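Colleague: Okay, here's the prediction I keep looking at, along with the sequence it came from:
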Amino acid sequence: MKKTIYRFFYLSLILLLAGGTSSCSDFLDKEPDDQLTLDMIFKDKTRTEDWLAGVYSNIPDTYWTYARGMDPLGDDLAPSTGWLQFGWNIIGKQQGNWNPTSDWVPNYFNQLPKRIRAAYIFIDNVRANEAQLVTEQEVQYMKAEARFLIAYYYYLMLNYYGAIPLQLGLVDVNAPASELMIPQKPFDEVVDWIDQELVAVSKILPPYYNESKKYGRATSIACLAVRARMLLFAASPLVNGNPDYANYTNSEGTSIFNSTPDASKWAKAVKANMDLIELAEKNGHALYYEYLNNGDIDPFLSYQNMLFRKFNEGNKEILFARNPVETWEYDRHAQPRGTGGNGGMGITQSLVDAFFMKNGLPAITGYNANGSPIINTASGYTETGFSTAEEKRDTKWIEVKGNRDSDSNPVTLADTYNMYCNREPRFYISVLYNECWFRRENRTTRFYSGAWDGGPTHDAPQNGYLVRKKVHPDHDPRNNVNPYRPGILFRLGEFYLNYAEALNESEPAKTTEILFYLNKIREKAGIPIYGSGEGQIAVPSGQDAMREAIRRERRVELNCENGTRWDDIRRWKLGEKLLNGDFWGMNFSGTDKSDDKNNDKAFFVRKVYQKRVFTKKNYWVPIPQDQIDKNPNLRQLPFWDTSE
Amino acid sequence: MIKKCSFSIKDANIRKILRIMRLIICFLLLGINLSYAVESYSQTTRISVNLKNTPLKEIFSEIEKNSEYVFFYYDESVDLNKSMTIDIKGQTIDKVLKELFKSTDYIYTVSDRQVFVSRQPAPATSRQNQNKITVRGNITDMKGEPLIGVSIIVKSNPSTGTVTDTDGNYSINVPDKYTVLQYKYIGFIPKEETVGERKIVNVIMQEDVGQLDEVVVVGYSTQKKESVVGSISTIEPGKLAAGTTRSMSNNLAGQLAGVIGVQRSGEPGYDNSNFWIRGISTFQGNRNPLVLIDGIERSLNNIDPEEIESFSVLKDASASAVYGVRGANGVILINTKRGRVGKPTVSFKMEQAITQPTKIPEFVGAADYLEVMNSIRHESGKEPMYSQQHIDNIRNGVDSDLYPSVDWMDAILKDFGTNTKASIDINGGSEVLRYSFVGAFYHEGGILERDKNQGWNSSLRLNRYNMRSNVDINLTPTTLVRFNIGGYMQERTSPPQSIDNLFAMAYQTPPYQHPTRYSTGEIPQVPQRVNPWALLTQTGYERVVQSKLESLFVVEQDLKMFLPGLKIKGTFSFDNYSDNSVKRGKSPDYYNPATGRDPETGQLELVVSSYGQEFLDHSVGANFGNKNTYLEGTLTYDNTFGDHTVNALFLYNQRNYDDGGKLPFRFQGIAGRMSYTMKGRYIGEFNFGYNGSENFAKGKRYGFFPSVAAGWILSEEPFMQGVRNTLSKVKFRGSWGLVGNDRFKIGDTEYRFPYISTINNTDGYVWGYNRDEFGRAGRWEGNIANTGLKWETVAKTNLGLELGLFNAIELQVDYFMEKRRDIFMRRTTMPASAGFVDMPFANFGKVDNKGVDMVLDVNKQINKDWFVSARGTFTYAKNKIIEQDESLGIIGTNRSSTGLPVGQIFGLVAERLFTDEDFADVENGILKDDIPTPTFTSSVRPGDIKYVDVNGDNRIDALDRTNLGGTVDPQIVYGFGANLRYKNIDFGFFFQGNGHTYRMIGREAYFIPGSGLGGVGNFFTNVGDRWTIENPRQDVFYPRLYEGLNENNYQESTWWMKNMKMLRLKNIELGYNFPVTMVRRFGSSGARIFCRGTNILTISDFKLWDPEIDSDRGSKYPLVKSYSIGLNISF
């Protein structure tokens, strides 16, 4: 009896063990069977759109991406140099501290090919799904959008790196090194591929969508806008017959850039920009205007609200925009620290100097060797003294103790430093200067050292200015009030100026056509146009003078927008001239309201705040060193790996 | 020693207990009348045996197999290997045994189903009987505690013997006064006494400290120490309890040969050490050893050392191959305390300590700070930023609201914290049922400040309660059931902030900007910056409760009725862990630092910077935690045939670990061991693990991991017996084997199912006219499937020598070599242009690791009053990356890390500081032609660091980075200490040290004075040790200071690489044992008081902060030192 019990006991133990072992075969057969797969993605409308959104997501954020990666590299935006310690390595780059091993915030070389691959996967897999109302037409559009994005991303890479490998289609994960390690393509071949692709896609995509929720998807206008901007770049002296690059070849020995100037590139640029202007205008796009009660253009609000008004509220100047990433860091960094902001996103003195006077004349025409300005006395500009009375203009702009119902409002208060008086309207929309009225706080700004908005902290205007452009006047960091602003990537105004520039290069004699678009910009800006009429400014004589006028207008109109100024300086090959040397501003450690040059504590005195360095290598972003290491067929951009 | 059968003790009481137990069991199980069975079994049961020339042992087991009889005997007295012949059919046991023993001097007794066999007393019995002497006595240990169950045997006649009772008393009849009595007890040095004229022989037995682990815990079972051929480190659990630390992991380094450990933080709850067995041998993936508590994968951080009975570290493949795919990083085996036969013993321990940081960074005050800033500006030709008036006002203490000087470290830290440890340990039981109960309490009051004006207490503190109850029941003489329940609850209260961040902020906040709060009550804060004091004391508090339940159920059945030595065991366990938190948050209104005082009212000019929330809000956080179930079945066989001892094990196990992820982690395997010992000196062993892991594709899931080992105990050879007192032990051993790793970790992310392609989330996008009108989450490619993936394997070779000298010194040295192959990693050499989001997985890397570890133990009872022991360990492990998929452009250059240790520090080689002589034009920073061009900044100046142009391209850039010859994790860890005991006083100390450990400091932007532009960062008090124009020294700590970040001087380089080796007085202790006679009066069997210091001395060349903490600027919760007093008392 007992024996049986024992036996039973052992048996059950053994059974327990055996039971464990017999389940062996399936104990580990637990695969995650509910994982999302590529197949499931494209069976499902929402997930399909998720994928497409992923491809879209590297479209630059017009605020933070440009502020961290591009705009400060030109001579507009000047974030506090003290922010270098917080990872703003772009400030080191302003000072020449840039190596192939340095991080560059947008990191397009590593980042964009991932989006491009995702776009190709999308094109290969997307399919119609009638049950979920995804039509064949919709699929055609989405495929074309993916193609647009591939072209746009290659354009961005080309724009910053110049010599890029063009990986078309998907690479197999087990591909041999010979397929993976591709060399760079000549610049013009990449331009041609992007050009053809964008033209082809523009024939598929509509110029606009009727549904509100599809606003922001790629359109034929967006295609032509990217193309027009690219062809202007491709015609410019940096890449069109630049002798510095004569010996720069890819690993196969092919020259990357054409070594003799090719005038037909300018003609292409003219045509591409006109193609876009025509298509845009045909579809209702126009410059954005606001008007006074008397029907006149209000240049202040026209320029300011072009930056804030939505497309469906009549802002037809927008050609393509992305909903800005919903952080307000740019805005916050541009607000005085005494008002809850970080108070150090400045602009350069050279941008301040670039604005015209309200009479349409340049205030400063150049600089002496010691950095002092050459003042255009004819313009009425002066840097000494303070204004005696407030100045009113015809505008509904209310930021300086204004009144919304009135057609006439002050733009400067009495006792304002004369440098800031009688400037053109765009100046006041773009620049926040010391002792400027600050409506939200109901006080003037106090940028003096030791004062509420001033130093010695790094969160203060290091050279006496904060950027005002693109910051909504109602933005309030202390109370987290963050009004909407569209992230404008392309607007019509730019292409008027592109067209004018390209035409002046290819057919300088066509002054009427050139001035037609240049004057449209000036008219909207509220300053006298070029012409021979009464109150107009004499037409610049000759191609060079015209070029100067177009560039000056462009600098002002497009300041702090999407890295345009940095691109312009690069393509005009003006880096060594404009971005190398002392950068100026007002006296950061000044405590006194004074323009007395002999007073150490005088605030309103020109002072150097930063020494910038730009050498030949700085025309391009270097290819990251780790990529050079990985792919032996890549060649670093010129001058990055030599001591020049 | 009693070896073969635990029930062979010829003691009437125990036999009685056995019988009672049997009765209970039978009654329970069968419900039949036991007395009937007792009466009848031996008479009714008929046995047939037919065996020719069979060893006696096998005859016994044959009878056991065919009946319910169980044989009991002393193996010393019965020659089990004697071959006999028996042929009998259908007889009672009595007849059978009479027949069997007819030609021997064996006698037997049958009692119920138990047969006790012994040898007939020698022929002189009758005379002896006449002169029989009865000897009585009491046996205690050195502390005077009675020892229960000591066996006492007459040396000349091993069949005569007895054991001590629960009071340590014994009584034995001996033949004559020349009789020698042998006293044996596990864990104590055997002793012999000649009876002489004595009637009472009291014996004090000495604990065999060096040989404490006569039985060593090995993978899935135990082995006799001498037959162990694997490399295993063991330690007395008491040594792991030293000091006032919460986690045992902090006591491993230096105590255990083969363990490399570092404690990187002292923050309560997060002060666990990182530790690796024999260092790191992979550049990716899981580096942590497998920790098994009672055979179950658990963490050792929250178990109280009082709960532990044994602690073993399995270092080589021979010891860990049975763990197969889990054993690559070594294994730590911890067994918890089990009950011992005897009356209940209760011991109570308590220790109270005050704690202080080992080292806090020291900063200069506000006035010095601003003066340094002004002088930095002065050197670059700028006017001072801060007026002398301002500085003087700080120095003179004028208006501390406007001219404050705050040491923020001091502002957030108290002078000292507290620490309490208490535990109770109850242990006892009978042959049938044994129990061990441990309860422990741990409290740590951190060193962070609080604001006593607040109604709530946000100070950092932690309480932990541990409990464990282990019960063993002998269901039948051959069936053992074990039942463990243990667990802990830990509650941590803290400010609802990252403490690391708090220290970072205290480090970053300059002393002059604002006080902790204004005298008028407003709390200042620089916009976008932090007021560290307010962050600590004004933002509420958070409580986190973690709890863990651990259980284990084991049934162990002796199958000697089938085959002597065969046992089967089944184990089931479940664990459950959870953590939950409650956060009560608030925030004050913050004001910008005052810009001055209103000239009329004298009030501070303040403007609100951000609005706060005055009340405490409430939010609850909960985690899934994790749960674990484990099932194991084991078959073991142990037997000795003359000179041959065989030991075998076969096992199946499976584990299901669910941490709330998509699927639980599953593991399954079988393992086996075969060990053979000849003549007690030649040992051979074979182990294997055959494991499966669900991490791999079907068909790739199972791996086979074998190991072989051999040992030779030279000192056991007959020709060595002459020098036995000098060379008490000489043992050589060697092993080779494979272990594996299936845990795929890259960085902090663990990857599972890499044979399946995944889709990942990426940035999304928003369309539409309006904000957030039509947004879509982004998705894209994730991991690209690689169905060919398999586990990593490590081939481990170990050569060991154990040397015992003079019966007092024991030295153990192990040399090891590990080759890790097929390291799981992502390919790194695919170019970005291919567009892969995540690089594909591969089994690609190779790392070799070798080194040596050794331990030296000295134990010497000099005389009755003096006892000395000393211990030293040394571990050196150096690894080398053999293959890691390095970029083509790096291979063969100075930047290549292949062929160097994992984690090798790279950087530039700082040659010296630039001097005026290096420049063609000092003013414009133009260097002479023969000097390589620095490129980190557009120009350099005298006093900046001059680097070596390693790659010879005449430029100094990142391509000149090279291996600087060191790693952060130490390659050497050692420890040494001693204990002295004189009568009742004992004194001990232990030092722990490490070497070959480096750190690149100052990589935070604010480290170099002036780099934070005076807005961020503190200056260490060594700020004066710097290059200046007036004093352009080369042997300075800081190069030329600069207002802002000087990218040339800030590069990782030998300039900033500091040697962090250190030697720490980990423990120093003075104790007093109250005399047993004294404490007896209070019913106690022993009591000790002691005072102790932990971490009270640290010797290091690096002075700025504690060299061990994980920080390149000292801003981390420091390690703590403690001063404590304690009391141990037992009953």
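Modeller: Thanks, I have it.
Colleague: distance of the residue nearest to the spatial centre of chain B from residue B:272?
Modeller: With distances taken as Cα atoms, centre = their mean, residue B:249 lies nearest the centre of chain B, 3.9 Å away. Computed with Cβ to Cβ, to the nearest Å, the distance linking residue B:249 and residue B:272 is 5 Å. (Glycine included, C-beta is placed from N, CA and C.)
Colleague: got any residues that touch both of the two?
Modeller: Residues touching both residue B:249 and residue B:272 by Cβ atoms under 8 Å, 6 or more residues apart in numbering or on different chains: B:263, B:301.
Colleague: about what we covered before: pretty sure the residue nearest to the centre of chain B sits in a strand.
Modeller: No: assessed with DSSP: H, G, I helix; E, B strand; the rest coil, residue B:249 is helix; it does not lie in a strand.
Colleague: Could you give the number of residues near the closest residue to it other than its chain neighbours?
Modeller: Spatial nearest neighbour of residue B:249, chain neighbours left out: residue B:273 (4.1 Å); criterion: Cβ to Cβ, 6 or more residues apart in numbering or on different chains. Using other Cβ atoms under 10 Å in any protein chain shown, the number of residues around residue B:273 comes to 21.
Colleague: Quick check, residue B:273 in contact with residue B:259.
Modeller: No: counting by Cβ atoms under 8 Å, residue B:273 does not reach residue B:259; the two are 9.5 Å apart.
Colleague: shared neighbours of these two, which are they?
Modeller: In contact with both residue B:273 and residue B:259: B:252, B:253, using Cβ under 8 Å, 6+ apart.
Colleague: now residue B:754, what's its secondary structure?
Modeller: coil.
Colleague: That one: what's it in contact with?
Modeller: With Cβ under 8 Å, 6+ apart, residue B:754 has these contacts: B:695, B:744, B:783, B:785, B:786, B:789, B:824, B:841.
Colleague: try 6 Å this time
Modeller: By Cβ atoms under 6 Å, 6 or more residues apart in numbering or on different chains, the residues touching residue B:754 are B:786, B:789, B:841.
Colleague: Go through those residues and say which is closest to residue B:498.
Modeller: Distance to residue B:498, by Cβ to Cβ, is smallest for residue B:841 among the contacts of residue B:754, at 32.3 Å.
Colleague: which ones are touching the residue nearest to the centre of chain B?
Modeller: Contacts of residue B:249 (Cβ under 6 Å, 6+ apart): B:272, B:273, B:275, B:301.
Colleague: Also residue A:399?
Modeller: By Cβ under 6 Å, 6+ apart, the contact set of residue A:399 is A:439, A:473.
Colleague: Got phi/psi on it?
Modeller: phi -70, psi -20 (degrees, to the nearest 10).
Colleague: Please name the nearest non-neighbouring residue to the closest residue to chain B within the stretch 501-644 of chain A.
Modeller: Per Cβ to the nearest Cβ, residue A:629 is where the stretch 501-644 of chain A lies closest to chain B, at 3.4 Å. Residue nearest to residue A:629 in three dimensions, not counting chain neighbours: residue B:889, with 3.4 Å by Cβ to Cβ, 6+ apart.
Colleague: Quick check, pLDDT for the one you found.
Modeller: With respect to pLDDT, residue B:889 has a value of 90.
Colleague: just residue A:406 next, same as before
Modeller: pLDDT for residue A:406: 92.
Colleague: Could you do residue B:756 as well?
Modeller: Note on residue B:756: pLDDT of 87.
Colleague: Enumerate every residue touching it.
Modeller: Contacts for residue B:756 (Cβ under 6 Å, 6+ apart) come out as residue B:785.
Colleague: go again using 8 Å as the cut-off
Modeller: Counting by Cβ under 8 Å, 6+ apart, residue B:756 has contacts A:31, A:32, A:35, B:783, B:785.
Colleague: The first one is in contact with residue B:785, isn't it?
Modeller: Just to be clear, that refers to residue A:31. No: with contact defined as Cβ under 8 Å, residue A:31 does not count as touching residue B:785 (11.7 Å).
Colleague: In terms of packing, which of the two has more residues around it?
Modeller: residue B:785 (17 against 14).
Colleague: does the nearest residue to that one once chain neighbours are set aside sit in a helix or strand, and which one?
Modeller: Nearest in space to residue B:785, with sequence neighbours left out and distances taken as Cβ to Cβ, 6+ apart, is residue B:757 at 4.1 Å. Taking DSSP states H and E as the definition, one finds residue B:757 inside no helix or strand.
Colleague: Am I right that residue B:757 is in contact with residue A:38?
Modeller: Yes: using Cβ under 8 Å, residue B:757 is in contact with residue A:38, at 7.4 Å.
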